[in-house]
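Engineer: Following is a predicted model, sequence given first.
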Amino acid sequence: LVFDKNDQLLVPFRTWRNTITGQAAELLRKEFNFNIPQRWSIAHLYQAILNGEEHVKDIAFMTTLAGYVHWQLTGEKVLGVGDASGMFPIDSSLNDYNPRMIRQFEQLIAGYNYSWKLENILPEVLVAGDHAGYLSVKGAKLLDPTGTLQPGIPLCPPEGDAGTGMVATNSVAPRTGNVSAGTSIFAMIVLEKELSKVHPEIDLVTTPTGKPVAMVHCNNCSSDLDDWVAIFAELLENMGRKPAKDELYSMLYNKALSADPDGGNLLAYNYVSGEHITGFTEGRPLFVRTQNSNFTLGNFMRTLLFSAMGTLRIGMDILTRDEQVGLDKLLGHGGLFKTKGVAQRLMAGALNVPVAVMESAGEGGAWGIALLAAYMKNKTKDETLEDYLDQRVFANEKVSIIAPQAEEIEGFNLFFRRYKDGLNIEKAAVEHFT
């Protein structure tokens, strides 16, 4: 989001699904020798500059959605380091924006003669445990127009769903990782060492304390699947039945467990939007079968769930096979894991790594940011976030762990070969239905 000197939003905000920054992301990747994903704020800013967009000269401040809400509640233009690492690359030794890359960017745009400097329009970077202001009179009124809620409540640094997801799953130490699966899907692994080279498919972000994290971010996860479930709900309603949403999801998800291991030779792409890892600026949800495919409800559901994991697997192969990144297990959270044991079991086979799910698996950002606020308020001197979570939050947490089974691994691998080979079908669908 970008604002002028009068705090007015200059253009409609742009999200991870605005895959319009390919040119800028590629140029910045080469300039920085660092992967710049299309969704990052700096890619959107540079693309707007390259496009000659009129509003750029008037920018006085830019931030993320989390940073905007925090600003409105406190008046503070700050951001947690994890969310800041999705605006501009972070130097983890400084827990601040990378100064070399700041200088390189300023040199890139010097000829445009803007009145602003990049470091002056970005939010200040804070880390977990820092105080990030207090609920203002204005902020209290925004939350509660009745005036019952009083100002003065301390707030921690704002984080997005990446940082809060790491905290919600206690995945902030090296060799830990988590998968957040909802509207989008992404895996984050806290690194023990730097990657050997730049990979366009891998984003380098940080934990809320600034530790380097490798992220595989996919724009599409459950949206297509949710649309199919809505069709089943409409059918049942037309037959005079109206099952509870959780009941319908549970029944359909569990049908996938009794399906053929590979999904019956079916194929699906869940691309509601573009997908940078596979090179799509636009997507078209697609379901494909041959006349000889085993087209059953179970195989249909398994294939939809597999499609939610297909692009993630491409990025994870780069980390685990090419880069030999160490990973003991993945913690799963988000809506895809609400039906116990289904997505967890399929993902363990898809990624060939144990997948753990806590009782709070269906919760994400709100739970994670609450823990960060509690850490800020309750930590003792020199108590790290890792120790606080290990010893004071998750010590007695019930965790379900499912190890990958040979049949599930082999079944997903069969699907995955079809998935990669069939990307030309998805490409043709995008071209045809434009």
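Structural biologist: Looks like it came in fine. The structure displayed is predicted, hence computed values, not measured ones. Numbers count the residues shown, from 1 in each chain.
Engineer: Just the CA atoms of stretch 147-158, as CSV, please.
Structural biologist: What follows is the C-alpha trace of stretch 147-158 in CSV, where atoms were taken according to Å, rounded to 0.1, in the frame of the first residue of the first chain:
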residue,chain,number,x,y,z
GLY,A,147,-15.8,4.2,23.6
THR,A,148,-15.8,1.2,25.9
LEU,A,149,-12.3,0.0,24.8
GLN,A,150,-9.7,2.4,26.2
PRO,A,151,-6.4,3.4,24.6
GLY,A,152,-3.0,2.6,26.1
ILE,A,153,-2.8,-1.2,25.3
PRO,A,154,0.8,-2.1,24.3
LEU,A,155,1.2,-3.6,20.8
CYS,A,156,4.0,-5.9,19.5
PRO,A,157,5.6,-5.4,16.0
PRO,A,158,3.0,-6.4,13.3
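Engineer: what's the nearest residue to residue 22 once chain neighbours are set aside in contact with, if anything?
Structural biologist: With C-beta to C-beta, 6 or more residues apart in numbering as the criterion, residue 22 has its nearest non-adjacent residue at 6.1 Å, and that residue is residue 38. Using the backbone N, CA and C atoms, a C-beta is placed for each residue, glycine as well. The neighbours of residue 38, taking C-beta atoms under 8 Å, 6 or more residues apart in numbering as the test, are 19, 20, 21, 22, 25, 276.
Engineer: I would like a ChimeraX command selecting only the buried ones among those, please.
Structural biologist: With 16 or more other C-beta atoms under 10 Å as the criterion, this ChimeraX line picks the buried residues out of the contacts of residue 38:
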select :19,20,21,25,276
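Engineer: In helices only, show me the contacts of residue 38.
Structural biologist: In helices, defined here by DSSP state H, the members of those are 22, 25.
Engineer: Now distance to residue 325 and pLDDT too, for the contacts of residue 38, in TSV please.
Structural biologist: Formatted as TSV, these follow (distance: C-beta to C-beta, whole Å; pLDDT from 0 to 100):
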residue	distance to residue 325	pLDDT
19	26	80
20	30	90
21	27	94
22	26	91
25	23	95
276	20	87
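Engineer: Widest-spaced pair of the contacts of residue 38?
Structural biologist: In the contacts of residue 38, the most distant members under the criterion C-beta to C-beta are 20 and 276, with 11.2 Å between them.
Engineer: Show me which residues of the helix or strand hosting residue 44 are buried.
Structural biologist: Of the helices and strands defined by DSSP states H and E, residue 44 is found in helix 41-51. Neighbour-count burial for helix 41-51, with 16+ other C-beta under 10 Å as criterion, is recorded at 41, 42, 43, 44, 45, 46, 47, 48, 49.
Engineer: what's the spacing between the fifth one and residue 14?
Structural biologist: According to C-beta to C-beta, to the nearest Å, residue 45 stands 10 Å off from residue 14.
Engineer: Please apply the same query to the second one.
Structural biologist: From residue 42 over to residue 14 the distance is 12 Å, taken as C-beta to C-beta.
Engineer: Pull out the buried positions in stretch 323-341.
Structural biologist: Buried residues in stretch 323-341, counting neighbours by 16+ other C-beta under 10 Å, are found at 323, 325, 327, 329-340.
Engineer: Residue 287: what secondary structure?
Structural biologist: Using DSSP: H, G, I helix; E, B strand; the rest coil, the structure places residue 287 in strand.
Engineer: typed the wrong thing, it's residue 147
Structural biologist: The assignment at residue 147 comes out as coil when based on three-state DSSP.
Engineer: between the contacts of residue 38, which is closest to residue 2?
Structural biologist: Comparing those against residue 2 with C-beta to C-beta picks out residue 21 as the nearest, at 14.0 Å.
Engineer: in terms of contact, does that closest one touch residue 41 like I think?
Structural biologist: No. Contact criterion C-beta atoms under 8 Å: residue 21 and residue 41 do not qualify, at 10.0 Å.
Engineer: what residues are up against residue 125?
Structural biologist: Residues in contact with residue 125, defined by C-beta under 8 Å, 6+ apart, are 78, 79, 80, 81, 84, 90, 95, 96, 97.
Engineer: could you pull out the helices for the stretch 301-434 of the chain?
Structural biologist: Remark: helices of the stretch 301-434 of the chain, listed N- to C-terminal, are 342-351, 365-378, 385-388, 406-421, 423-432; assignment by DSSP state H, counting those that start in this stretch.
Engineer: Equivalent analysis for the stretch 151-300 of the chain, please.
Structural biologist: All helices of the stretch 151-300 of the chain, identified by DSSP H, counting those that start in this stretch, fall at 161-168, 223-238, 245-255, 297-317.
Engineer: Okay, angle between the shortest one and helix 365-378 too, please.
Structural biologist: Read that as helix 161-168. Inter-element angle recorded for helix 161-168 and helix 365-378: 60 degrees (by axes from the mean of the first three to the mean of the last three C-alpha atoms, to 10 degrees).
Engineer: Quick one: list the elements packing against helix 161-168.
Structural biologist: Contacts defined by 3 or more C-beta pairs under 8 Å, 6 or more residues apart in numbering; DSSP states H and E place helix 161-168 against helix 81-84, strand 176-181, strand 185-190, helix 365-378.
Engineer: Show me the contact partners of it.
Structural biologist: Defining contact as C-beta under 8 Å, 6+ apart, one finds that helix 161-168 is touched by 80, 82-83, 86, 128, 159, 171-172, 178, 180, 186, 188, 190, 205, 207-208, 213, 215, 333-334, 360, 363-369, 371-372, 385, 389.
Engineer: Many thanks, we can stop here.
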